[in-house]
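Trainee: no sequence on this one, just coordinates:
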């Protein structure tokens with residue numbers, strides 16, 4: 001699991017770096033007003049200053065650093081996952097790495113597509129954002145089901161040892 005976690009963190013870091021570089025390279029070509037909010041259909045319905053891209057990149061960086069810190073400190077109260085998952089540091093590292101990957105992918109995609117919209121290369125945001133949100137939701141549900149299964153397994157094990 002450590003190799004998978006490392007690989008996911010590395011990809012997340014690459015997405016973060018790409019987003020910063022893409023913003024630096026294209027910032028001068030952006031109009032002063034860019035799309036900053038999209039409706040469910042992916043069409044822009046809110047506009048703001050192009051400087052909000054720096055805020056989004058800063059948020060991405062803060063999220064990356066926070067999740068990286070949390071992956072190293074599984075006992076932290078800031079990590080809100082079931083206790084039976086927290087008991088295994090490798091599982092915590094994998095869960096946080098997957099969440100980090102999805103978060104960086106989602107925010108990176110929003111930043112990238114917002115810049116493409118502002119540059120006039122696309123209109124609206126693609127359905128990739130909705131798919132990423134769905135994957136995050138499915139991952140959280142899967143994590144909770146896995147935790148429930150572990151608790152059922154532990155309860156069965158405790159019942160069998162108490163009968164002896």
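Mentor: Good, I have the coordinates. Quantities reported herein were computed from a predicted structural model and do not represent experimental measurements. Numbering: from 1, shown residues only.
Trainee: can you pull out the strands in the chain?
Mentor: 33-38, 44-49 (DSSP state E).
Trainee: for residue 83, which of those is the nearest?
Mentor: Of all the strands of the chain, it is strand 33-38 that lies closest to residue 83, at 37.1 Å by CB to CB. For glycine as for every other residue, the C-beta is placed from the backbone atoms N, C-alpha and C.
Trainee: now do the closest one against strand 44-49, angle only.
Mentor: Taking axes from the mean of the first three to the mean of the last three CA atoms, to 10 degrees, one finds that strand 33-38 is oriented at 140 degrees with respect to strand 44-49.
Trainee: residue 34 against residue 117, yeah?
Mentor: Yes - between residue 34 and residue 117 there is a contact under CB atoms under 8 Å: 7.0 Å.
Trainee: and the helices in the chain?
Mentor: Applying DSSP state H to the chain gives helices spanning 2-26, 52-72, 83-86, 89-118, 128-162.
Trainee: can you give me the buried ones in the third one?
Mentor: Neighbour-count burial for helix 83-86, with 16 or more other CB atoms under 10 Å as criterion, is recorded at 84-86.
Trainee: could you do stretch 131-151 as well?
Mentor: The neighbour-count check on stretch 131-151 (16+ other CB under 10 Å) flags 132, 136, 143, 147, 150 as buried.
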